[in-house]
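# could you look at this predicted model? Sequence included:
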Amino acid sequence: MTARFAAIRVIAVLSVLLGVNYVAWRWLESVNWSAWWIAVPLVVAETYSLIDTFLFCLTMWRAKERPAPVSPPQGTVDVFITTYDEPIELVMTTARAARGIAYPHTTWILDDGARPELERAAREADIGYLTRSDDWTGKPRHAKAGNLNSALFETDGEFLLILDADQIPDPLILHRTLGYFADDPEVAVVQTPQWFVNVDEADPLGSQAPLFYGPIQQGKDGWNAAFFCGSNAVLRRDALMQLGIIGYVREVTDTAARALRTSETLIEKEMRSASDPELRRELFALHVAIGRGRRDLAGGAPVREVADAVLAAVHNASVILVAKDLAGIRADLAELGSLPIAHDAQLDAIVVDEVGLTALADSDLSPINALDAVRALLDALRLDRGDEAQPILPLATISVTEDMATAMQLHSLGWRSVYHHEILAKGLAPEDLRTMLTQRLRWAQGTLQVMLRDNPLAKRGLSIGQRLMYFATMWSYLSGFAAVVYLTAPVFYLVFGVLPVTAWSVDFFVRFLPYFLVNQVLFLVVAKGLRTWRGQQYSLALFPVWIRACWSAFANVVLHRPLTFAVTRKDGRDPRGVPWREIWPQLTAMVVLGIALVIGVTRVIIGTGDGTGTLVNTVWVLYDLVVLSVIIQAARYRGPARTLEEENHGSQN
């Protein structure tokens, strides 16, 4: 262990201990309960920040600076360049650079836009071209994940280098990364940094993310939790295919279990209401068959065998019931409504509507229609159609950010990942505030989708460290709610004199200041000269984006509302200009903070305000204003007009 990492551990322990000391004191002794409506939210926000500090310290506890791989590069490689509507010349610039990678490989353009002109350009450049307009769904779904999943079945390389349409690879990218797979046959992903050529030194849009593509990914790597970031990464095909097969089996098995449980409920209800002894006997036999099927399924029996056995029992019961129920057959067919098991339009996967299943189980059907419902539930699973069943999807499709979800699935199966800290591809960052906000919203929405659909804290197969590393990333996107409190609390004090703490006493300062200062020292030591201030600014300044992402992810996962998806534009600045509608909360906050500052100082001058409290909150407000000022810088930003063509030409020289 180097002296720097030893120092990081010491400072991390101090930071957590001082934080616990401060927050415990806040909860036990300093909450102003007479103003609970602001005092409690403030201490909750401080508790959130303490947990955030703990997760950051834990991330850095095992930070790993990897040596280069020992083994030489080996294995066949497909290079995938994903695109939807990016400018054709931009895509071709990336494709030609990928074709020039020194290690033997095959380059493919994966065009979800199915553009004939791009296909012609690819053929002329002797570059492979794939589209999925004629795939199993009839139209592209799952966004980038679906694009990659489709290409996996059209290619055969042992390894896949995945590049976004704007990422120019270094000719030696495969020489520098493939060796990890030979060094360790359990490695499934090797991720390299994302770095952008069209960002100047000021970087007001916070695009470079040196803290994430550096200390944080290195920290996660130490816990075997460095994750796939969607581009500039090499993946092992066998790992992805195993993931797809296991995921498919689990999904179908779980859905079959739900369908059988609902079927059993339907038949139980008919047994209770049936008066004919022969009818009750047949229903009882079917009930036994369904129960046996559920037990066999739980014991690991193939879904096809279980479904066939239950369907045979349904058929036998139908022969008797049809003879006894001809007069009422299908009389209440409308009761069935739409099936509660179907293919989701966004996920293209079997989706079970639990509310619909409950309603179906509670419905008052005739015996023959109850059997129709059981048969329809099993048919909806398409369990008896062999190769026509829903496709195996190797990359995760539970989120619009398929990268992290896929990595978490791979880790849960025991695969390993590597973070290689060397810039081996250069691309384009958003060039305007509107595009940046769209990008950050998509990242946050996707991450929170994963948290709601497949929370790492409860996921089987992950180690404790991996659970916490994934959760740390998800937790960070909840900061918008804490930010609102941090912006609001000083305003209430300066304007109305409402005190969220019992007093601005010596006890407060001797606990808060050491905690705050040690936290800042930790960032400085971890960053080791990196520019991390932009990241700290945006964690607070983008609070409306984070809150909006929380709501939209909740609405999508829990309320089943569609989630909008926007591709980050790669063709220059958005012509619509400054997105005033998206940044009005930050601008309003700045105005309110400024007014509160004037009022607070005035109250001290006229003798109605406390000097110490006003000083503390004045510093607080000034800090908030400095942080929020990045939004104004971003709105006015006009970055360097550097293109991928220039970067590619420069790298070749």
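Arrived safely, thanks for sending. Numbers count the residues shown, from 1 in each chain.

# helices along the stretch 151-300 of the chain, start to end?
173-177, 179-183, 217-222, 237-273, 277-298 (DSSP state H, counting those that start in this stretch).

# which one of those helices lies nearest to Val521?
helix 217-222 (17.2 Å; C-beta to C-beta). All C-beta atoms are positioned from the backbone trio N, CA, C, and that covers glycine.

# how far off centre is that closest one?
18 Å (C-alpha atoms, centre = their mean, to the nearest Å).

# by contact count, what packs against it?
If you count contacts as 3 or more C-beta pairs under 8 Å, 6 or more residues apart in numbering; DSSP states H and E, helix 217-222 packs onto helix 36-61, strand 416-419.

# may I see the buried residues of the longest one?
Translated: helix 36-61. Within helix 36-61, the residues scored as buried using 16 or more other C-beta atoms under 10 Å are 38-43, 45-50, 52-61.

# residue closest to the middle of this structure?
Centroid-nearest residue in the chain, with C-alpha atoms, centre = their mean: Thr447, separated by 2.3 Å.

# quick check: next helix or strand after whatever helix or strand it lives in?
Element membership for Thr447, per DSSP states H and E: helix 433-453. The helix or strand immediately downstream of helix 433-453 is helix 464-476, counting by DSSP H and E.

# ok, the residue nearest to Leu395 when sequence neighbours are not counted - how many residues close by?
Leaving aside its chain neighbours, Leu395 sits nearest to Ala145 (4.4 Å; criterion: C-beta to C-beta, 6 or more residues apart in numbering). Using other C-beta atoms under 10 Å, Ala145 has 26 other residues around it.

# for Ala145, helix, strand, or coil?
Here Ala145 is helix, with the state taken from DSSP: H, G, I helix; E, B strand; the rest coil.

# pLDDT score assigned to it?
According to the prediction, Ala145 has pLDDT 80.

# quick one: closest of the helices of the stretch 151-300 of the chain to Pro69.
So among the helices of the stretch 151-300 of the chain, helix 179-183 is nearest, using C-beta to C-beta, at 2.9 Å.

# how about the closest one: buried residues?
In helix 179-183, counting by 16+ other C-beta under 10 Å, buried: 179-181.

# could I get the residues you listed as CSV with distance to Ile583 and pLDDT?
CSV is the format used below for those (distance: C-beta to C-beta, whole Å; pLDDT from 0 to 100):
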residue, distance to Ile583, pLDDT
Gly179, 46, 98
Tyr180, 42, 98
Phe181, 44, 98
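
# for those, could you give me TSV that also reports distance to Glu154?
Putting the buried residues of helix 179-183 into TSV (distance: C-beta to C-beta, whole Å) gives the following:
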residue	distance to Glu154
Gly179	27
Tyr180	26
Phe181	22
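
# quick check, nearest of the residues you listed to Gly497?
Tyr180 (60.3 Å).

# distance-wise, check the residue nearest to Leu433 when sequence neighbours are not counted relative to Gly206.
Distance criterion C-beta to C-beta, 6+ apart; nearest residue to Leu433, sequence neighbours excluded, is Ala634 at 4.5 Å. In this view, Ala634 and Gly206 are 8 Å apart by C-beta to C-beta, to the nearest Å.

# so what sits against both of the two?
Met436 (C-beta atoms under 8 Å, 6 or more residues apart in numbering).

# which residues touch Gly222?
61-64.

# among those, who's most crowded?
Ala63 (22 neighbours).

# thought the residue nearest to the centre of the chain was touching Phe471?
No - the pair Thr447 / Phe471 is not scored as a contact, 10.6 Å apart, by C-beta atoms under 8 Å.

# tell me, how many residues neighbour Val591?
10.

# now do the one 3 residues further on
Gly594 has 12 neighbouring residues, counting by other C-beta under 10 Å.

# what's the pLDDT at it?
97.

# nearest residue to it in space, please, no chain neighbours.
Leu625 (7.1 Å).

# isn't the one you found up against Met590?
Yes - Leu625 lies in contact with Met590 (C-beta under 8 Å); the separation is 6.1 Å.

# so these two - more neighbours on which side?
Met590 (18 against 14).

# tell me which element the more buried one is part of?
Going by DSSP H and E, Met590 is part of helix 580-605.

# right, and the helix or strand after that helix?
In the C-terminal direction, the helix or strand that comes right after helix 580-605 (DSSP H and E) is helix 611-636.

# re earlier: so the helix holding Thr447 versus helix 611-636, what angle?
110 degrees (axes from the mean of the first three to the mean of the last three C-alpha atoms, to 10 degrees).

# other SSEs contacting helix 433-453?
Applying 3+ C-beta pairs under 8 Å, 6+ apart, one finds that helix 433-453 contacts helix 402-412, helix 464-476, helix 543-557, helix 580-605, helix 611-636.
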